[in-house]
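1. give me a model of this one.
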Amino acid sequence: MFSFNDLVGEASLENGYREAPIIVNEQIEMGPGGGICQVSSTIYNAALLSGLAVVERHNHSLPVAYLPPGFDATISYNYLDLKFINDLTFYILIHMQVLENELRAIFFGDPNKCPEVELITGDFNKIPPPVHYRELSDKPPSYREVLQKGREGYTVETMRIFLKNGMEISRESLGRDYYAPLPEICAVGILSDE
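-> I've put the predicted structure just below:
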């Protein structure tokens, strides 16, 4: 079984990782290993397109910019993992490479035995961001400032379709994911004229 956490280990400063933006409790903050989920998500998509059986995968709590909803795979050492098994009839070699800021995951196997796979999403719903206000007693009522721009959240179901000669032979639900909206935070003045 392939386990991302077992292979990569803990994303810590002691293990040589740098700090970058990470998602913690539906908030974006700085932490070691920020960006590592782009690697796990790239591997996840390659595994899906190769027809491998996914045993464990988790979506982020907020939408990510580098993939559409339903196609990401977040990890957190000893907590959330990406796991899949090779249930095909031949060996798979996983090759990762970076070319000019582009990460590629290439799965080598028997091209004559690889299934045709298509990934689709359905039941896609947008969730508008809530607006939260912070009252500032030292600013006049006319004062307005956006402190954090909001982003939509989503619910989405992702499916994998297996094809033969372009015709669907089976369909697999990969799950229904929820991505929380990022609230818009606005500062408003409440200073009394008196």
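2. which element, helix or strand, includes Ser41?
-> helix 36-50 (DSSP states H and E).
3. and the most centrally placed residue in the chain, how far from Asp6?
-> Centroid-nearest residue in the chain: Asp72, 3.0 Å away (criterion: Cα atoms, centre = their mean). Per Cβ to Cβ, to the nearest Å, Asp72 is found 20 Å from Asp6. Every C-beta, even on glycine, is put in place using the N, C-alpha and C of the backbone.
4. ditto for Ser170
-> For Ser170, the distance to Asp6 equals 30 Å [Cβ to Cβ].
5. was I right about His60 contacting Tyr179?
-> Yes. With contact defined as Cβ atoms under 8 Å, His60 and Tyr179 form a contacting pair (6.8 Å).
6. who's more crowded, these two?
-> Comparing His60 with Tyr179 by other Cβ atoms under 10 Å, the one with more neighbours is Tyr179, at 23 against 20.
7. what's the burial count for Ile75?
-> As a burial measure, Ile75 scores 23 neighbours (other Cβ under 10 Å).
8. contacting residues for it?
-> Going by Cβ atoms under 8 Å, 6 or more residues apart in numbering, Ile75 touches Phe4, Asn5, Val8, Ile36, Cys37, Ser40, His58, Asp81, Leu82.
9. now do stretch 161-168: everything it contacts.
-> Gly51, Pro115, Glu116, Val117, Glu118, Leu119, Ile120, Ile169, Ser170, Arg171, Glu172.
10. farthest-separated two in the contacts of Ile75?
-> Farthest-apart pair in the contacts of Ile75 is Val8 and His58; separation 15.4 Å (Cβ to Cβ).
11. now stretch 171-187: buried residues?
-> Neighbour counts over stretch 171-187 (16 or more other Cβ atoms under 10 Å) mark Leu174, Asp177, Tyr179, Ala180, Pro181, Leu182, Pro183, Glu184, Ile185, Cys186 as buried.
12. can you name the two of those residues that sit furthest apart?
-> Greatest spatial distance in the buried residues of stretch 171-187: Leu174 and Cys186, 36.9 Å, computed using Cβ to Cβ.
13. sketch out the low-pLDDT regions of this protein for me.
-> The chain contains residues with pLDDT under 70 at 193-194.
14. ok, which stretches of it are helices?
-> For the chain, the helices defined by DSSP state H occupy 4-8, 36-50.
15. nearest to Ser192, of those helices?
-> helix 36-50 (47.3 Å).
16. using CSV, write out every CA atom in that closest one.
-> C-alpha atoms of helix 36-50 as CSV (Å, rounded to 0.1, in the frame of the first residue of the first chain):
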residue,chain,number,x,y,z
ILE,A,36,3.2,19.8,0.4
CYS,A,37,-0.5,19.1,-0.3
GLN,A,38,0.1,20.2,-3.9
VAL,A,39,2.4,17.1,-4.1
SER,A,40,-0.2,14.8,-2.5
SER,A,41,-2.9,16.2,-4.7
THR,A,42,-0.9,15.7,-7.8
ILE,A,43,-0.2,12.0,-6.8
TYR,A,44,-3.9,11.5,-6.0
ASN,A,45,-5.0,12.6,-9.5
ALA,A,46,-2.4,10.5,-11.2
ALA,A,47,-3.5,7.5,-9.1
LEU,A,48,-7.1,8.1,-10.0
LEU,A,49,-6.3,8.4,-13.7
SER,A,50,-4.2,5.2,-13.5
